[in-house]
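Student: could you work out the structure for the sequence below:
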Amino acid sequence: MSFQYEKILEDFQPKIKKSLYQTAPANREDLEQEIKMKIYEKMDVIQNIDAPGFYEFVSGHEEVAETIGLYLQRHEKKKKEYK
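Tutor: As a prediction, the model looks like this:
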């Protein structure tokens, strides 16, 4: 878990640093440590996020599915026209 935690901190470090500028300089170091502790506490949640696959997501959003379907049809039609 240590490597994953370090990787997540590395990925979030620019956002953390940018956000720290919204607080007083005297409090930044403490706030940074608290943010890192919260990320560590939530590692299990982060690792166990079960995001839906593309088709699972689209099946719950018919309007999006229709739009994608229309786009794919147009794309296939244009592809045939260029041949």
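Student: could you give the mean pLDDT of stretch 39-48?
Tutor: Mean pLDDT, computed over stretch 39-48, is 82.
Student: that one: end-to-end distance?
Tutor: One end of stretch 39-48 to the other measures 14 Å (CA to CA, to the nearest Å).
Student: hmm, who's touching that stretch?
Tutor: Stretch 39-48 has contacts (CB atoms under 8 Å, 6 or more residues apart in numbering) with M1, Q4, Y5, I8, L9, F12. To be clear about C-beta, it is placed using only N, CA and C from the backbone, and glycine gets the same treatment.
Student: ranking those residues by neighbours, who comes first?
Tutor: I8 (17 neighbours; other CB atoms under 10 Å).
Student: how much space between that one and P14?
Tutor: 13 Å (CB to CB, to the nearest Å).
Student: mind checking how far Y71 is from F57?
Tutor: Noted for Y71: a distance of 16 Å to F57, by CB to CB.
Student: and the one helix or strand E32 maps to, how far out from the chain's middle?
Tutor: Using DSSP states H and E, E32 sits in helix 25-41. Here the centre of helix 25-41 is set off from its chain's centre by 21 Å, with CA atoms, centre = their mean, to the nearest Å.
Student: quick check: buried residues in it?
Tutor: Residues of helix 25-41 classed as buried: E32, I35, K36 (neighbour count, 16 or more other CB atoms under 10 Å).
Student: please report phi then psi for I49.
Tutor: phi -70, psi 130 (degrees, to the nearest 10).
Student: what lies in contact with the longest helix seen in the chain?
Tutor: Assignment by DSSP state H gives helix 62-82 as the longest helix of the chain. The contact list for helix 62-82 (CB under 8 Å, 6+ apart) reads V58, S59.
Student: Y71 and E6, how far apart?
Tutor: Taking CB to CB, one finds Y71 at 40 Å from E6.
Student: equivalent analysis for K42, please.
Tutor: Remark: distance between K42 and E6 (CB to CB) = 15 Å.
Student: cool, E29 as well?
Tutor: In terms of CB to CB, E29 sits 19 Å off from E6.
Student: also L31?
Tutor: Applying CB to CB to L31 and E6 gives a distance of 20 Å.
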